[in-house]
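Engineer: kindly generate the corresponding structure for this input.
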Amino acid sequence: MKKILVLVGVLALVLAVGACNNAKKEEAPAAPAAEQAAPAEAPATIEVSAEGTTFDPPVAVDQLPDGAWYCVDENGMVTWAATEKAEGQLCPDGKTEPMQKMAAEEAEEGHDEATEATEEGEHGEEH
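Structural biologist: Residues are numbered from 1 along each chain as shown. The predicted structure is shown next:
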């Protein structure tokens, strides 16, 4: 009789532990799915000095304040940026000139003006 009670107790313990493990396995995939469902946050704007700031590791262009002058590496990541550009200023590589980050609205306006100029042609006539 004692053997049967011991076997029933062991069986109950095994089933309880198995049920706990199954519950943990089912909960584990739910956490990454919740993280994926969250919308991606815009990167925080970083501070850039007037004289220039070097970034190691490089940062994304989206993180720069509007109007900043910047240099990128071969992957398009910002390695240097400044809020002011000196006359004749070159990137730290000594070969390229810094580019200026425009606000999104300014970039769209510039695109619209360029498109209109292309459509009008050289003489202001529509094609």
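
Engineer: surely Pro92 and Thr54 touch.
Structural biologist: Yes: assessed by C-beta atoms under 8 Å, Pro92 is found in contact with Thr54 at 7.0 Å. (Glycine included, C-beta is placed from N, CA and C.)

Engineer: ok but Ile4 is inside a helix, no?
Structural biologist: Yes: note on Ile4: a helix contains this position according to DSSP: H, G, I helix; E, B strand; the rest coil.

Engineer: before we move on, back to that, between Pro92 and Thr54, which contacts overlap?
Structural biologist: Thr79, Trp80 (C-beta atoms under 8 Å, 6 or more residues apart in numbering).

Engineer: tell me how this protein divides into domains.
Structural biologist: Listed by automatic domain parsing, the domain ranges of the chain are 2-37, 53-120.

Engineer: per-residue pLDDT, the closest residue to Asp93 other than its chain neighbours?
Structural biologist: The spatial neighbour of Asp93 that comes closest, neighbours along the chain excluded (C-beta to C-beta, 6 or more residues apart in numbering), is Cys71 at 7.2 Å. For Cys71, the pLDDT comes out at 95.

Engineer: also Pro65?
Structural biologist: Pro65 is given a pLDDT of 94.

Engineer: try Ala34
Structural biologist: So Ala34 comes in at 47 (pLDDT).

Engineer: now do the strands in the chain.
Structural biologist: Ranges of strands in the chain, per DSSP state E, are 53-59, 69-72, 78-82, 99-100.

Engineer: which residues touch the first one?
Structural biologist: Strand 53-59 is contacted by residues Ile46, Glu47, Val72, Asp73, Asn75, Met77, Val78, Thr79, Trp80, Ala81, Ala82, Pro92 when judged by C-beta under 8 Å, 6+ apart.

Engineer: mind giving me the ChimeraX select for these, buried ones only?
Structural biologist: Only the buried entries of the contacts of strand 53-59 go into this ChimeraX selection, using 16 or more other C-beta atoms under 10 Å:
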select :72,78,79,80,81,82
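
Engineer: low-confidence ranges in this structure?
Structural biologist: 5-14, 16-42, 105-127 (pLDDT under 70).
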